[in-house]
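**Student:** Below are the sequence and a predicted model for it; my questions follow.
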Amino acid sequence: ELVALSRKLTARLPITEKAGPIGRPSVWADGRQALCETVPYFKTPQGGCHQNDGHVYAFYFDSVGHCREYMDTDVIIARSGGGMEMDKDRNLLQSRDHEYQGKSKQSKSQVEAVLNNIRHENPIVIICGDRNEGAICRMPHKFCVLGWYKPIAVWTEKTLGKGGRAFRTIKYRFERLGSKDAWFAPKEGVSLTGEYYQLAGPLTYASCARCRKQHPQMYLEGWMCLTYDCESLWKVDGKRDAAYGRLEYNPAYLLQRTPWSDEQEPYDVRVPIPDVGNYIGDNLSYINTRGICCPKCGKCNSRRYFKGWKCENRECDWERFPKHFPVRPAQLHSPWDTFGDGPSLGRNTFDEANVKLAIEHYHGMKIYRYTFNGVEGSLTHITSNARLNAAANGPNDMLAALQQQDDPELELPLERRIFAGTGGDFMSSYSINYGMPYKFIASGSSLPFEKAPWPVRSARADLNWASQNILGQEGHIDFNEQLIFAYLEKQKLEYHDDGEKGLGPRIATLSLGASARMHLRMKHKHFVGCSKTGIFTSDKPIPGCKGGDAAYHQRLEAWHALEQLRESDRAQYIRRQKEIPHELGMYQDRNKVRAGGDLVVLTLNHGDMVLMEGRQIQQYFEHKVQSEGYLRFALTCRTVLGDHLKPDEMPAFEVSPD
Ligand SMILES: O=C(O)CCC(=O)C(=O)O
């Protein structure tokens, strides 16, 4: 009878046959990014556990669970600890023991963190995925927040894993906090009756003869010790190992409830929508770049639009575009960055061993030009000052105009573009493209310059002027594309290059609003000398690589020798590409460093321009930009060479000259 009851309580249908839930989740998401940007309790780009400061805040359970996992409306028994590998039949198998202890006092393991939650009576939020085979109902979305749970117990079992070996598996028991009805109770399912409790009887406990620890009788097969490091672990009555696969749960264990002294939720899992649009800059601050949980349907939405939030659920029409109070440069800078009429004080730094600096002055602008040993091209920083910024239609007027989003003439439809190849993740900052389409790291369409607000057209003219007058006519091709980035507080553009095929050799940016740091460094494959897979870099080595001058000369010699083989002996060429990294010690180093240190760090202020000239600059180096204040625009012009675009990539409009 007990076995029959156990099977009744634990029986779960395959996902497609599960009954739907009686209610709807008050918080849900169809993507991890939207969830992580919205709720405070789950902020993990990978994995199923959000843990910080020695506490766990949330677990996400999805897909195939452990053979002895369990979920009903009140209790969840789960394994969570990683160490899983796919076998050749695509079954996920445990491939090592779960870790009980962290590597140091500072880095607590997940188990230690859950135990800490138990000691502090800190509940945890549980999120269930729609591929969770053990779920009690069919989950309506990819991420469904079930609610707050009390972590009740942690113990160890054994599971058959890779290579037919038994590994230690850590299990957790959670019980739902409070007594509200669970929204995820299935429309048809087992309802617990008094009869079941009577049949199950009380839960019994026993202590291990070896480790003296007490454990409940969890399975009907018999009592076993569940202590991680006890020799009697998983031994039925201390003798033989219990089965490693499915076992019948003791119904008394499943029906057991553990009250806490206070069962109130710490806060509603549906976070309130931000109160914004009341003060200057409140719509630009980091906290308000986060997502919202739609107050109408519960969907988590990233803040996709510069103007605010819009629920992306097709069946919902909720949106909020808070009032924007224009911000002035003086609110975004230290006073000394913006008030002088003389040449600006540069705050740039560079690596004198590998980079040369030349200084020029032109019409009140102080110009820093950086060139790099062994590389054709330059990086030029043109600094502005208070007088230039205040000129009619100059940077101050541009910054003001770009913020007048209520004026249809000045509308700038800025939104976070989707990173190419991520399956839908947004970049951190907001962007829009004008003129020729530019296939950069994120996808997006382009609009004609005629539709752009005047600062966009004016910036193109200024950047064309700077290219011709500061870099020179030779090599100048008029810019026909402009990509605008708007950065709110803490937003940045990670390391990348602008070396896509089909671009002219010059790239020019006008910076407006808050200051930013632009970092330029040598790419990993040039700095280390080989790819992450250990293939010798085919481009000519340049000075400043890892290992200094001696390593550079060795690499150069190897490169010349290899080039001789390129045409004459293809097979030997390919073999040497793999051998050289081992011979020169690069192979061993290739995963130890990410890339070279910064060669130049520019501090860009309001009104400054940056010119990058030469394909080799993009070939050898990569740059990132980190904004420092809470509103910055970067207007970057390039020349997209039309003959590199396929007919279907050409814009539907004519790109008129500047
Ligand atoms: O934010 C900036 O100043 C530069 C943006 C950038 O790196 C780019 O458009 O490629």
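**Tutor:** In hand now; what should we look at? Numbering: from 1, shown residues only.
**Student:** can you give me the offset of the worst-scoring helix or strand of the chain on mean pLDDT from its chain's centre?
**Tutor:** Here the helix or strand of the chain ranked lowest by mean pLDDT, DSSP states H and E is helix 335-338, holding a mean of 72. When C-alpha coordinates are averaged (CA atoms, centre = their mean, to the nearest Å), helix 335-338 and its chain have centres 34 Å apart.
**Student:** Let me know the next secondary structure element after it.
**Tutor:** Towards the C-terminus, the helix or strand next in line after helix 335-338, according to DSSP states H and E, is strand 349-350.
**Student:** how far is that following strand from where the chain is centred?
**Tutor:** Strand 349-350 has its C-alpha centroid displaced from the chain centroid by 29 Å (CA atoms, centre = their mean).
**Student:** Packing partners of that strand?
**Tutor:** Strand 349-350 makes packing contacts with strand 598-604 when contacts are defined by 3 or more CB pairs under 8 Å, 6 or more residues apart in numbering; DSSP states H and E. C-beta here means a position set from N, CA and C on the backbone, and glycine is covered the same way.
**Student:** ok, how many other residues are close to residue 89?
**Tutor:** Here the neighbour count serves as a burial measure; for residue 89 (other CB atoms under 10 Å) it reads 6.
**Student:** no wait, residue 280
**Tutor:** Residue 280 sits with 13 neighbouring residues when counted by other CB under 10 Å.
**Student:** Equivalent analysis for residue 534, please.
**Tutor:** The number of residues packed around residue 534, counting by other CB under 10 Å, is 17.
**Student:** Hmm, residue 73 is touching residue 179, no?
**Tutor:** No: Residue 73 sits out of contact with residue 179 when judged by CB atoms under 8 Å, with a separation of 11.3 Å.
**Student:** so what's the residue of the chain found nearest the ligand bridging to?
**Tutor:** Closest contact between the chain and the ligand, by CB to the nearest ligand atom, is at residue 634 (3.2 Å). Beta-bridge partners for residue 634, by DSSP bridges, are residue 485, residue 511.
**Student:** Isn't it up against residue 482?
**Tutor:** No: using CB under 8 Å, residue 634 makes no contact with residue 482, being 10.4 Å away.
**Student:** that older thread, who's more crowded, residue 73 and residue 179?
**Tutor:** Using other CB under 10 Å as the criterion, residue 73 and residue 179 rank with residue 73 on top: 20 against 7.
**Student:** State the phi and psi torsions of the nearest residue to residue 650 once chain neighbours are set aside.
**Tutor:** Among residues not flanking residue 650 along the chain, residue 642 sits closest, at 7.1 Å (CB to CB, 6 or more residues apart in numbering). Geometry field for residue 642 lists phi and psi as phi -60, psi -30, criterion degrees, to the nearest 10.
**Student:** Is residue 387 part of a helix or strand, or is it coil?
**Tutor:** helix (DSSP: H, G, I helix; E, B strand; the rest coil).
**Student:** Am I right that it is in contact with residue 343?
**Tutor:** No: distance between residue 387 and residue 343: 11.1 Å, which falls outside the contact criterion (CB under 8 Å).
**Student:** so what's residue 222 up against?
**Tutor:** Taking CB atoms under 8 Å, 6 or more residues apart in numbering as the definition of contact, the neighbours of residue 222 are 236-237, 242.
**Student:** So which of the residues you listed sit within strands?
**Tutor:** Secondary-structure check on the contacts of residue 222 using DSSP state E: residues within strands are residue 236.
**Student:** Please report which of the contacts of residue 222 has the highest neighbour count.
**Tutor:** Going through the contacts of residue 222 with other CB under 10 Å as the criterion, the one with the most neighbours is residue 242, at 20 neighbours.
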